[in-house]
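Asks: here is my input, please return the structure:
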Amino acid sequence: MNASSQAPAAPRGKPALYLDLIRWDRPAGWLVLLWPTLGALWLAAGGFPGWHLLAVFVGGTILMRSAGCCVNDVADREFDRHVKRTAGRPVTTGQVSVREALGLGAALALAAFALALTTHRLVILWSVPALLVTIAYPFTKRWFAMPQAVLGVAFSFGIPMAYAAAQGRVPLEALWLTLGEIALVLAYDTEYAMVDRDDDLKIGIRTSAITLGALDVPAVMAFYAVFLSIWLWVGVQHAPSAILYIAFGLAAAQALWHYTLIRGRTREGCFTAFRQNHWLGFTVFAGIALALAWVR
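Replies: Now for the predicted structure:
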């Protein structure tokens, strides 16, 4: 059968398009947020935080990441049509309208807020700036040289919120962990930006990969080092054990593997490195959780 005689593809229903919009088929996007958030929750609680808080933070992470995708795709719809990797996104192609995308994003954010209402009032207070930064992030690509740093702030709000939920306060160590998480986001989202650097230069988007230029690879490795150093320092104060050191050693080995993937600056290598970051985060979380269980 030749191409001209093939039947056209059946139109996709709205539920499938909405799932595409929130990247449901790409869980790595919310897993990179989830593992540091759970690591902070375990540290704040001194171990397993209970099923209620676990459900709140897992659900809240997925919901807010999905809401962020809706806002991002609306804000970037004119840029995305010029990038091969993003040209088929539902808002960019017009299969999902701007109103629909914003409505879905608002519904998801409200669902996340409803989860926050079941915890401490301090969590609710922290959720307001978290939402505002999430909304603001896509627009910083127009003027800010390192929008990945803004994304890092948006992605890190789960850490102080975890402490607020478990302890009713946000101690200094939570802010240190937040700083470490911002460094991690800078690492993996710079890898992501390296994939689209040529396209972004043509359309005028600002990214850390463009700003760092030839320093992109060493900067990524430095960001990983900052994240691992801060989180190990805090983790040792709670659960000094061989388990913790082994886990962080494995995470460091993964970071070095990422170096081998991104040093050539190929699209394929950088995208593979970005997609595998959730394993690095999981390794750190698993080390913290197991170490806390061991010392209790």
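Asks: what is the least confident helix or strand in this structure?
Replies: In the chain, no helix or strand scores lower on mean pLDDT, DSSP states H and E than helix 77-80, which sits at a mean of 80.
Asks: quick one: contacts of the helix or strand following that helix?
Replies: Of the helices and strands lying after helix 77-80 in sequence (DSSP states H and E), the nearest is helix 90-93. Contacts to helix 90-93, defined as Cβ atoms under 8 Å, 6 or more residues apart in numbering, come from residues 17-18, 20-21, 73-74, 76-77, 80-81, 86-87, 96-98, 101. All C-beta spots, glycine's among them, are computed from the backbone N, C-alpha and C.
Asks: how does it look with 10 Å?
Replies: Residues outside helix 90-93 that contact it (Cβ atoms under 10 Å, 6 or more residues apart in numbering) are 12, 14, 16-22, 69-70, 72-83, 86-87, 96-98, 100-102.
Asks: ok, the most centrally placed residue in the chain to residue 115 distance?
Replies: For the chain, the residue nearest the mean C-alpha position is residue 33 (4.2 Å; Cα atoms, centre = their mean). To residue 115, residue 33 is 15 Å away according to Cβ to Cβ, to the nearest Å.
Asks: again with residue 126
Replies: Residue 126 is 13 Å from residue 115, where distance means Cβ to Cβ.
Asks: before we move on, what about residue 164?
Replies: Plainly put, residue 164 is 13 Å away from residue 115 if you go by Cβ to Cβ.
Asks: which of those two has more neighbours?
Replies: The neighbour count for residue 164 versus residue 115, taken as other Cβ atoms under 10 Å, is higher for residue 164 (23 against 20).
Asks: contact partners for the more buried one?
Replies: The contact partners of residue 164, by Cβ under 10 Å, 6+ apart, come to 44, 116, 119-127, 170, 174.
Asks: leaving out sequence neighbours, find the closest residue to it.
Replies: The shortest distance from residue 164 to any non-neighbouring residue, by Cβ to Cβ, 6 or more residues apart in numbering, is to residue 122 (3.9 Å).
Asks: same deal with residue 197?
Replies: Leaving aside its chain neighbours, residue 197 sits nearest to residue 209 (4.8 Å; criterion: Cβ to Cβ, 6+ apart).
Asks: my read: the one you found touches residue 199, true?
Replies: No. Using Cβ atoms under 10 Å, residue 209 is not in contact with residue 199, being 11.1 Å away.
Asks: low-confidence regions, the stretch 151-296 of the chain specifically.
Replies: Judged by pLDDT under 70, the stretch 151-296 of the chain has no weakly predicted residues.
Asks: how about the helices in it?
Replies: 158-167, 172-195, 197-203, 208-212, 216-238, 242-262, 267-275, 277-295 (DSSP state H, counting those that start in this stretch).
Asks: and the least confident helix or strand of the chain, how far out from the chain's middle?
Replies: 21 Å (Cα atoms, centre = their mean, to the nearest Å).
Asks: cool, and stretch 273-285?
Replies: Distance, centroid of stretch 273-285 to centroid of chain: 11 Å (Cα atoms, centre = their mean).
Asks: equivalent analysis for stretch 163-172, please.
Replies: For stretch 163-172, the distance to the chain centre is 22 Å (Cα atoms, centre = their mean).
Asks: what's the answer for stretch 165-185, then?
Replies: 15 Å.
Asks: picking that back up, so residue 209 and residue 199 - more neighbours on which side?
Replies: When neighbours are counted by other Cβ under 10 Å, residue 209 and residue 199 differ, and residue 209 comes out ahead with 24 against 18.
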